[in-house]
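Coordinates for the following, if possible.
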Amino acid sequence: PTEIGLLTNLVRLVIAGGNNNQMNGNALVGTIPSEIGKLKYLESLLLQSNNLSGTIPSELGLLTNLQQLELFDNTHISDTIPTELGNIQSLKVLRLEQNRISGSIPSELFLFTRELEFLELSRNKLMGT
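Next up is the predicted model:
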């Protein structure tokens, strides 16, 4: 819900769903609220293995303390990787695999995210050189 932006002191947000091998777990549907970009202390955002759809909000690029972003296995997340994710200089883990993300990988991810230790983008529709 959009009210998530009111949790301004939140440091970790984890809502992991089940996957094809698990019968339990959450199954969030809908889009990722852009209001998450207001959570300036957020260090971990884990929304993997749900039924999320739509685009990755560019507002996530405002999360300057974010170290871990895992949106994998939401097979209805589509469009491109926002260039604004390159603004997150503290980012260490970025997992976007197993979605419907298309286009190319923004060069900003490599120019500004110098702390990046783990990058997983497989099983998408990415292209380029």
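
And the helix or strand bottoming out on mean pLDDT in the chain, how far out from the chain middle?
Using mean pLDDT, DSSP states H and E, helix 108-112 stands out as the lowest-scoring helix or strand of the chain, at a mean of 86. Between the centre of helix 108-112 and the centre of its chain there are 16 Å (CA atoms, centre = their mean, to the nearest Å).

do stretch 106-115 as well
Worked out by CA atoms, centre = their mean, stretch 106-115 lies 15 Å from the chain centre.

before we move on, what about stretch 107-124?
12 Å.

And stretch 32-39, by the same measure?
Distance, centroid of stretch 32-39 to centroid of chain: 11 Å (CA atoms, centre = their mean).

Would you mark the buried spots in it?
For stretch 32-39, the neighbour count (16 or more other CB atoms under 10 Å) marks 32, 35-39 as buried. C-beta here means a position set from N, CA and C on the backbone, and glycine is covered the same way.

Could you do stretch 88-98 as well?
In stretch 88-98, counting by 16+ other CB under 10 Å, buried: 88, 91-98.

same question, stretch 56-71
56-57, 59-63, 66-71.

Contacts for it next, please.
Here stretch 56-71 makes contact (CB atoms under 8 Å, 6 or more residues apart in numbering) with 32-48, 52, 77, 79, 81-96, 99, 101, 115.

could you redo the last one with a cut-off of 6 Å?
Residues outside stretch 56-71 that contact it (CB atoms under 6 Å, 6 or more residues apart in numbering): 32, 34, 37, 41-48, 82, 84-85, 87-88, 90-96.

Mark which of the residues you listed are part of helices, please.
With helices taken from DSSP state H, there is no overlap with these.

Tabulate the buried residues of stretch 56-71 (TSV), appending secondary structure and pLDDT.
As requested, the buried residues of stretch 56-71 are arranged in TSV below (DSSP: H, G, I helix; E, B strand; the rest coil; pLDDT from 0 to 100):
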residue	secondary structure	pLDDT
56	coil	98
57	coil	98
59	helix	98
60	helix	98
61	helix	97
62	helix	97
63	coil	97
66	coil	97
67	coil	97
68	strand	98
69	strand	98
70	strand	97
71	coil	97
